[in-house]
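Chemist: Show me how the following folds:
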Amino acid sequence: MENYKHGEDEEAGALALAACVSHIFPMALDAAIQLDLFEIIARAGVGALLSPSDIASQLPTSHDGAAAVLDSLLRLLATHSLVTCSVSKLENGGTERRYGLAPAGKFFVGDENGVSFAQLRAVTGRGAMGFSLKDAVLEGGNLTQRIHGKSNYELIFSNPETAKVMNDGMKAHSTALMRKTVRVYDGFSSLSSIVDVGVVRVLLWVSSLQSVEHIGGDMFVEVPKGDAILLKEKLSILRRGWSGTV
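Modeler: Numbers count the residues shown, from 1 in each chain. Next up is the predicted model:
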């Protein structure tokens, strides 16, 4: 880490992180096939761009959050060049992502005989996953709760071994992220106190650290005062809704 070069380490770190979460893309692809997303976009016509709400309206669901889940799923497909993504401005000043069929995505659209790579994926992905993201789109709710009867965190921390794996993994991620942050950003140098908002269960395992005070509580009720507050991925959790859908 001493031979740090701005730009090179960022790219390498992004590749390493992508490898860690590479299992997510096959799940998203399976869900897209099961939901006929490629077919829905293709039926809209050549060059058509559809919003997540447009697509959700063609699915057999009354789940209010279907469009938001679809947006996350389609964004991931866009990073793999299976769909295109463009951002449109709305009359209310907001923005909306719209998705089209990319050249590679056309291989998942059935030909005149109904043949596509969707059938191939059904073979290569058979038995790979224990649950389906399709259910999260159509029915909402928390997949872990549906399968195991517990929330994701309840399931993880109900077993000391999985709890340790989770804590060690999050520690490694946060250490790498913050080490990189303080090397390229000097905004912390003028601060005397920083509040890092995290998961309260972590307090059950943390060890004492000099100049660090661990405080339990509910972030929706009160957050301790500080010169700066770090939320990190909590912002995306708040956007989806605290209980989450995926």
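Chemist: Nearest spatial neighbour of F38, chain-adjacent residues omitted?
Modeler: Nearest non-adjacent residue to F38, counting by Cβ to Cβ, 6 or more residues apart in numbering: F108, 4.2 Å away. Every residue, glycine included, has its C-beta placed from N, CA and C.
Chemist: got a list of what the one you found touches?
Modeler: F108 is in contact with 32-33, 38, 82, 116-118, 121, counting by Cβ atoms under 8 Å, 6 or more residues apart in numbering.
Chemist: From these, list the buried ones, please.
Modeler: The neighbour-count test (16 or more other Cβ atoms under 10 Å) marks 32-33, 38, 82, 116-118, 121 as buried among the contacts of F108.
Chemist: G169 is in contact with I156, correct?
Modeler: No. Applying Cβ atoms under 8 Å as the test, I156 and G169 come out as separate, 10.3 Å apart.
Chemist: who has more neighbours, the two?
Modeler: I156 (17 against 11; other Cβ atoms under 10 Å).
Chemist: So that one versus A163, what's the distance?
Modeler: 6 Å (Cβ to Cβ, to the nearest Å).
Chemist: again, but for V109
Modeler: From V109 to A163 the distance is 44 Å (Cβ to Cβ).
Chemist: now the helices for this protein?
Modeler: Assigned by DSSP state H, the chain shows helices spanning 8-20, 24-34, 37-43, 52-56, 66-79, 117-124, 133-139, 143-148, 152-157, 160-184, 234-240.
Chemist: can you tell me which of the ones you listed comes nearest to F220?
Modeler: helix 234-240 (9.5 Å; Cβ to Cβ).
Chemist: where does the chain have its least confident helix or strand?
Modeler: helix 234-240 (a mean of 55; mean pLDDT, DSSP states H and E).
Chemist: I'd assumed F157 was in contact with M166.
Modeler: Yes. Using Cβ under 8 Å, M166 is in contact with F157, at 7.4 Å.
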